[in-house]
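*Asks:* Predicted model follows, preceded by the sequence.
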Amino acid sequence: PRSTLFPYTTLFRSGYAGYLMDRLWELPDRCQIIAAATLDKPDNPRVVNCVKRGIRVFPNLDALLTALSPKDCEAIVVATGIDSHYGCAAQALAAGFHVLLEKPPVPTIQELDALVKLEERVGRSVAVHFQFLYTAVNQRLKSVLASGALGRIRRLRASAAWPRSIQYFQRSPWTGRLYTTDSWVLDGTVCNSLAHLLAHELFLATARPGLAIPATVQAELYHANDTESEDTSSLRIVTDEGVEILYCASLATTTQRDVLLEIETDKATVRQVDFADTVVCYRDGREEILGKPHPSKTEEDKIVRRQMLTTILDALADGKPQMFDPTVCRPYVLTLNAAFESGGPPKSIAAEFKHNLVAENLQQVVIEGIEQDFEMAFSKRLLLSEVGVPWASASPVFVCKGYTGFPVNPALKALGPARHSAARGATAVLARRS
């Protein structure tokens, strides 16, 4: 069977929704985009392109759902801002559509649990876009770890430096925010830019299917930019199986560096670069290559997105469960919320420890020596405060057992949104089998 996709999307305020549509257009044997909704003006190039392709364009999700029913299409792809993920996904599910949901699925555990209940009630599914979890190399790595061939998983550590400009944090009303009027956002490394890395570590930290469940989380959250939420984080997670996970990430670095991941097991150490280049280094000196990088990172990213979409669309066509639905992704959201419960409102990094630079006409805030600090934390398996970074300070360990509602941290409760109405989002994609 063939799926016909129908997009409702903020086509190109953030750019990603348009990029996702491009990948869908590259799968004509599995899907066909038949309509779109956007807050953008009619003369926006992406809107013009949709019209030229014969795609109906609606001004918002309400208008789209008024004009269409599940008889017209099968699923809605939600690629909106974080603050509107829950509202769009819940509205689409309630109307009888399947949902393809951009990461992070939702910013709070109560929204996640509500989506799961809604899925069950209406008999529709949600697939979450943690694209690197769908790739062949990472599915293979998970299978190797699950087989027991490498012995018990002991601990993981990861580090990433993805510099972002000041303009990046100004591109949308929700970017860099802890919350909006209607919803928590928790934007930053953990909940947005490098959410993939955290989910990735949780996925590979257990031999069980799905993601490892956090037992405790200790998190240090900081911001060098003039934002509410964090742009630099340092986390230690201990899973319910006793596996330690270290995570360090920053958007305030001088240059972009490879995403490094290391998994230590009884019999080997697995080293991975940028979610793809993967080598198993056995204790006896043998090495096994599980994955190699694509010569072009641009093409590799397109391949990764297409592989994810293909897997999701095939599951829809075959009536099978989604590989990464909200239930499977619950440990990620639990860890995200626990990180903010531990760290509290992100701490501002003092001016003496950072500077501004201009590159390619974009302004950027850079933390002094952050790359070296990350190298030290990674090598010693410690948090930033534990390696003596002068602007860093320790946070308490948060116990995750029985946790069902964000936030419980008094400082966060004092800051939160005035209400939790269903956020009205701006991006989604609908699909049907034909």
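*Replies:* Cool, the structure landed. Numbering: from 1, shown residues only.
*Asks:* and the residue nearest to residue 385 when sequence neighbours are not counted, backbone torsions?
*Replies:* Once flanking residues are discounted, residue 385 sits nearest to residue 392: 4.0 Å by CB to CB, 6 or more residues apart in numbering. Glycine gets a C-beta too; all of them are placed from N, C-alpha and C. Dihedral angles phi and psi of residue 392 (degrees, to the nearest 10) take the values phi -90, psi 150.
*Asks:* what do you get for residue 403?
*Replies:* Per degrees, to the nearest 10, the backbone of residue 403 is at phi -80, psi 130.
*Asks:* tally of neighbours for it?
*Replies:* Counted with other CB atoms under 10 Å, residues neighbouring residue 403 total 16.
*Asks:* same deal with residue 408?
*Replies:* Residue 408: 12 neighbours (other CB under 10 Å).
*Asks:* shouldn't it be in contact with residue 340?
*Replies:* No: using CB atoms under 8 Å, residue 408 is not in contact with residue 340, being 10.2 Å away.
*Asks:* Overlap in contacts, the two.
*Replies:* Counting by CB atoms under 8 Å, 6 or more residues apart in numbering, no residue touches both residue 408 and residue 340.
*Asks:* re the thing from before, mind listing what the residue nearest to residue 385 touches?
*Replies:* Counting by CB under 8 Å, 6+ apart, residue 392 touches 220, 222, 234, 383, 384, 385.
*Asks:* For the fourth one, which non-adjacent residue is closest in space?
*Replies:* So that's residue 383. Using CB to CB, 6+ apart, the closest residue to residue 383 is residue 234 (4.6 Å).
*Asks:* Where does the nearest residue to residue 397 once chain neighbours are set aside sit: helix, strand or coil?
*Replies:* Distance criterion CB to CB, 6+ apart; nearest residue to residue 397, sequence neighbours excluded, is residue 218 at 4.6 Å. What DSSP: H, G, I helix; E, B strand; the rest coil gives for residue 218 is strand.
*Asks:* Pretty sure residue 218 sits against residue 385.
*Replies:* No: if you go by CB under 8 Å, residue 218 and residue 385 don't touch, sitting 9.8 Å apart.
*Asks:* Show me which of these two is the more surrounded one.
*Replies:* residue 218 (21 against 17).
*Asks:* For beta bridges, what are the partners of the more buried one?
*Replies:* residue 236, residue 397 (DSSP bridges).
*Asks:* residues contacting it?
*Replies:* Counting by CB under 8 Å, 6+ apart, residue 218 touches 235, 236, 237, 342, 383, 395, 396, 397, 398.
*Asks:* Kindly recompute the last result at 6 Å.
*Replies:* By CB atoms under 6 Å, 6 or more residues apart in numbering, the residues touching residue 218 are 236, 342, 395, 397.
*Asks:* Redo these as CSV? Include distance to residue 168 and neighbour count.
*Replies:* Listed next are the contacts of residue 218 as CSV, based on distance: CB to CB, whole Å; neighbours: other CB atoms under 10 Å:
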residue, distance to residue 168, neighbour count
236, 27, 23
342, 26, 22
395, 26, 22
397, 32, 14
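*Asks:* the longest helix in this protein is where?
*Replies:* helix 297-318 (DSSP state H).
*Asks:* how distant is the next helix or strand after that one from the center of its chain?
*Replies:* Later in the chain than helix 297-318, the nearest helix or strand by DSSP states H and E is helix 326-343. Relative to the chain's own centre, helix 326-343 is displaced by 12 Å; criterion: CA atoms, centre = their mean, to the nearest Å.
*Asks:* Report all helices and strands that helix 326-343 contacts.
*Replies:* For helix 326-343, the contact count by 3 or more CB pairs under 6 Å, 6 or more residues apart in numbering; DSSP states H and E identifies helix 109-122, helix 195-204, strand 214-223, strand 397-399 as packing neighbours.
*Asks:* can I get the ones you listed in a markdown table with mean pLDDT and distance to residue 28?
*Replies:* Shown next, in a markdown table, are these (pLDDT from 0 to 100; distance: least, CB to CB, whole Å):
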| stretch | mean pLDDT | distance to residue 28 |
| --- | --- | --- |
| helix 109-122 | 98 | 29 |
| helix 195-204 | 98 | 27 |
| strand 214-223 | 98 | 41 |
| strand 397-399 | 98 | 47 |
